[in-house]
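Q: I would like to see how this sequence folds:
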Amino acid sequence: MTPMLPHLITEAAALSVAGARLRRYAMGPALIGAGADATVVIVPPGDNPLVSGVQDSVKVVLRGDTVTALHPRFGFREALPIHVFARLERGCLPLGTALCRQRSTAPAPFDHAELELDQPLTREVLDVVRPVPAPGEVPGVDWVDHVETDPLRALEAFVLGWFPVEETGPPEEEGSVGEPENLPEALAAFHRLARLRPALHRFHDPVLKQPRRASGPLGDRLVFAMWNGAGMDWSVPWPQEGPGEVDPRVWLTEDPCAADPETVLEEEPLSRFLLQFTLFEAMNAAPFHAWTFCMPTARLGTLWTALRPVPLSPFLPTYTAERFFVAPGLLAQVSADESEAVVSFGALHRGTLTPLLEHGFRWSRFDG
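A: Numbering: from 1, shown residues only. Here you go, the predicted structure:
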């Protein structure tokens, strides 16, 4: 039997829940009613994560012009309840009550708030209030064919396909001020690629625009990437170990500011490591995500027919040891041993994640 949706009501009936002395405000396409009894939020249906609307089964986002008067209505301990509705073609659909989990910190710039519904929406309701459009054309995975024979070619094909062309100013000249000369070819190629796709420099932990020289337990080195506020970094021997060294080894240094930091050798050489690093950061930066709870490794059996493995060693083997898998428009990381596994996905389009529901996993987050 198909689950019944809540009954639709008129916009006036929805606003009446707010009680007497009703005041109406707009925040982007959302209508907000502030009354003596409650705050009513009416959002449009849609898929755009950058405007007001339902984002997933529990999260509703408000974004728009500054509305200073609404700031006290969305306090974390506000006494008046917040009732949320979705505006559909034939009326407003009740979504339940919500708490404010995030907002602008001061009244003057109040232009966004993040609400958490007290009861998660069913999939049927979610598909109505946040319909999932077809993803359209998505990047392919043919670049995987080149990982073992030409990793720089694989990196370029992935980056140019995954990240869109941007409107930018005049291109930066090669050999920026402060950048060491005669960089290893893999690192120079990465910087050339970043000039074509500046998104590479907007990662949470990007490859440094200007690598810096340092010393360490294994000798002088060139640091080209840092992690989590310099909690650890990656480097290559510097100067290069020999004129014929085209793909140097990579060192991971833990707590590089310590008096005696620990340095270990990465399994992948620089060219393949840069592909690993880019896949990891691209997935974290993807606009849509899905994360499973820990589950028996055997449950992954149906997933392998939908994903193609990327022939690289596990990333961060002493931590989560993530292996990468791909499908058109989809990146996946699997951390697993013989008994348990956790899988996370990143996608450019919400609709690319939706078919994953067929696998019946339990999700800690699901944007599809």
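Q: Can you get me a residue count around the closest residue to Gly35 other than its chain neighbours?
A: Of all residues not flanking Gly35 in the chain, Ala18 sits nearest, at 3.0 Å (Cβ to Cβ, 6 or more residues apart in numbering). (Glycine included, C-beta is placed from N, CA and C.) Neighbours of Ala18 under the rule other Cβ atoms under 10 Å: 23.
Q: Does Ala18 touch Asp37 like I think?
A: Yes: when contacts are counted by Cβ atoms under 8 Å, Ala18 is listed as touching Asp37 (6.2 Å).
Q: Surely Val40 is in a helix?
A: No: counting by DSSP: H, G, I helix; E, B strand; the rest coil, Val40 is not found in a helix; it is strand.
Q: bridging residues for it?
A: Gly33, His83 (DSSP bridges).
Q: how near is it to Leu22?
A: Taking Cβ to Cβ, to the nearest Å as the measure, Val40 falls 9 Å from Leu22.
Q: Now do the shared contacts for the two.
A: 15, 33-34 (Cβ atoms under 8 Å, 6 or more residues apart in numbering).
Q: quick revisit: higher neighbour count, Val40 and Leu22?
A: Set Val40 next to Leu22 and count neighbours by other Cβ under 10 Å: Val40 wins out with 25 against 15.
Q: Can you list the low-confidence ranges for the stretch 251-368 of the chain?
A: For the stretch 251-368 of the chain, applying pLDDT under 70 flags no range at all.
Q: At which residues are the strands of it located?
A: In the stretch 251-368 of the chain, the segments counted as strands under DSSP state E, counting those that start in this stretch are 251-254, 262-265, 288-292, 295-296, 308-309, 323-327, 330-336, 340-347, 363-366.
Q: Same check on the stretch 1-150 of the chain?
A: 23-27, 30-34, 39-43, 53-54, 59-63, 82-88, 91-103, 112-117.
Q: Convert the lengthiest helix in the chain to PDB, retaining C-alpha atoms only.
A: Identified as the longest helix of the chain according to DSSP state H is helix 270-285. Extracted in PDB, the C-alpha atoms of helix 270-285 (Å, rounded to 0.1, in the frame of the first residue of the first chain):
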ATOM      1  CA  LEU A 270      54.300  11.800  -6.700                       C
ATOM      2  CA  SER A 271      52.300  11.400  -9.900                       C
ATOM      3  CA  ARG A 272      50.000   8.700  -8.500                       C
ATOM      4  CA  PHE A 273      49.900  10.400  -5.100                       C
ATOM      5  CA  LEU A 274      48.600  13.600  -6.600                       C
ATOM      6  CA  LEU A 275      45.800  11.700  -8.300                       C
ATOM      7  CA  GLN A 276      45.000  10.000  -4.900                       C
ATOM      8  CA  PHE A 277      45.000  13.400  -3.100                       C
ATOM      9  CA  THR A 278      42.800  15.000  -5.800                       C
ATOM     10  CA  LEU A 279      40.200  12.200  -5.700                       C
ATOM     11  CA  PHE A 280      40.000  12.500  -1.900                       C
ATOM     12  CA  GLU A 281      39.600  16.300  -1.900                       C
ATOM     13  CA  ALA A 282      37.200  16.300  -4.900                       C
ATOM     14  CA  MET A 283      35.000  13.900  -3.100                       C
ATOM     15  CA  ASN A 284      35.000  16.000   0.100                       C
ATOM     16  CA  ALA A 285      34.200  19.100  -2.000                       C
END
